[in-house]
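Trainee: What follows is a protein structure lacking sequence information:
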């Protein structure tokens with residue numbers, strides 16, 4: 001709890017100088033300049049073999065999966081999982097913010113293994129230590145159209161990433177991989193290709209929405225855990241969108257408006273499959289689908305845009 005208070009105080013102190021940071025590139029992937037400036041340190045991070053990595057493209061179900069994993073670890077104990085906000089309990093490995101806010105690595109260095117670690121890095125940039133130490137890795141993928149819509153609204157309210165600009169231009173930036181953390185297409189394909197060789201549990205956001213209990217059980221079994229049915233049911237309830245949206249430890253309302261302005265858009269906004277249809281015009285949808293076929297042809301990843 002002391003760590004949570006110091007982290008929150010640091011954010012408040014730095015909040016007045018927060019700005020939208022420009023993007024720089026690492027191996028062709030655009031990242032916030034502060035991340036790139038400390039890239040050597042991030043790339044050299046060596047996890048413990050007991051650590052677990054939760055990897056996603058931004059806005060693909062990261063926080064949802066983190067909460068499921070934490071509740072499995074704590075056997076459905078909701079109070080234990082309210083010990084601190086998500087970003088303190090399960091640090092965002094590569095994130096770097098202005099001082100005195102601790103970086104993801106700073107937080108990880110205060111924690112003893114086993115740790116649950118978050119990343120948005122594409123496969124090719126994940127520190128090699130995760131593969132060398134055979135860490136468990138959960139990857140969550142969300143269909144491109146819904147992911148794009150969610151990321152657009154996130155960039156509107158996230159005061160640390162570049163201005164999203166108009167919707168029609170944002171679509172093109174997504175297609176070209178010009179957003180922070182790069183190309184969605186490369187991201188989902190990179191982990192998909194490696195999933196069997198690296199023992200990656202590859203999940204789909206749409207499957208989690210369709211049958212959350214089934215996917216909680218899959219995560220639990222991958223983690224090597226066994227919980228009674230009533231505990232599994234409790235975890236499903238506690239990780240429902242509505243419950244998490246009202247939980248200050250998961251909804252990011254502990255961050256100040258200078259970082260995430262939730263008056264612009266809620267961090268947990270809709271959590272639906274198919275919401276893209278209310279954003280894309282028919283012509284935008286057709287053009288996107290044509291490009292999608294070009295970029296994803298032969299990938300064989302079974303995404304669904306509706307349930």
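Mentor: Cool, got the structure. Model, not experiment: these values are computed from the prediction.
Trainee: Summarise which helices and strands the one helix or strand residue 234 maps to is packed against.
Mentor: Per DSSP states H and E: residue 234 is located in helix 229-238. When contacts are defined as 3 or more CB pairs under 8 Å, 6 or more residues apart in numbering; DSSP states H and E, helix 229-238 sits against helix 62-73, helix 212-222. In short, each C-beta sits where N, CA and C put it, glycine included.
Trainee: switch to 6 Å and redo it
Mentor: helix 212-222 (3 or more CB pairs under 6 Å, 6 or more residues apart in numbering; DSSP states H and E).
Trainee: Quick one: mean pLDDT over the helix it packs on.
Mentor: Regarding helix 212-222, the rounded mean pLDDT is 98.
Trainee: Then stretch 124-142?
Mentor: Mean pLDDT, computed over stretch 124-142, is 98.
Trainee: Repeat that for stretch 43-50.
Mentor: 98.
Trainee: just for the stretch 51-200 of the chain, where's the confidence low?
Mentor: 99-100 (pLDDT under 70).
Trainee: Tell me the helix or strand right after the helix holding residue 234.
Mentor: Scanning forward in sequence from helix 229-238 by DSSP H and E, the next helix or strand is helix 241-245.
Trainee: ok, residues contacting the very next helix or strand once past that next one?
Mentor: Next helix or strand after helix 241-245 toward the C-terminus (DSSP H and E): helix 282-296. Helix 282-296 has contacts (CB atoms under 6 Å, 6 or more residues apart in numbering) with 175, 185.
Trainee: try it again with 7 Å
Mentor: Applying CB atoms under 7 Å, 6 or more residues apart in numbering, the external contacts of helix 282-296 come out as 144, 145, 171, 175, 185, 280.
Trainee: Can you get me a residue count around the first one?
Mentor: Okay, so that is residue 144. 23 (other CB atoms under 10 Å).
Trainee: List the residues that contact it.
Mentor: Contacts of residue 144 by CB under 7 Å, 6+ apart are 184, 292.
Trainee: try 10 Å
Mentor: Going by CB atoms under 10 Å, 6 or more residues apart in numbering, residue 144 touches 57, 174-175, 184-185, 188, 276, 288-289, 291-292, 295-296, 303, 305.
Trainee: The third one too?
Mentor: Taking CB under 10 Å, 6+ apart, we find residue 171 in contact with 145, 148, 149, 152, 279, 280, 284, 285, 287, 288, 291.
Trainee: Now, of these, which are buried?
Mentor: Among the contacts of residue 171, those buried by neighbour count (16 or more other CB atoms under 10 Å) are 145, 148, 149, 152, 279, 280, 285, 288, 291.
Trainee: still on that earlier bit, filter the contacts of residue 144 down to the buried ones and express that as a ChimeraX selection.
Mentor: Applying 16+ other CB under 10 Å to the contacts of residue 144, the buried members can be selected in ChimeraX as follows:
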select :57,174,175,184,185,188,276,288,291,292,296,303,305
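Trainee: Just flag the most distant two among the contacts of residue 144.
Mentor: Farthest-apart pair in the contacts of residue 144 is 57 and 289; separation 18.9 Å (CB to CB).
Trainee: quick one on the thing from earlier: wait, which of the contacts of residue 171 is closest to residue 260?
Mentor: Distance to residue 260 across the contacts of residue 171 (CB to CB) is lowest for residue 152, with 14.8 Å.
Trainee: State the distance from residue 246 to residue 268.
Mentor: 9 Å (CB to CB, to the nearest Å).
Trainee: Spell out which residues are contacts of both of the two.
Mentor: residue 253.
Trainee: Settle it for me: which of the two has more neighbours?
Mentor: Shown here are residue 246 and residue 268; by other CB under 10 Å, residue 268 has more neighbours (20 against 11).
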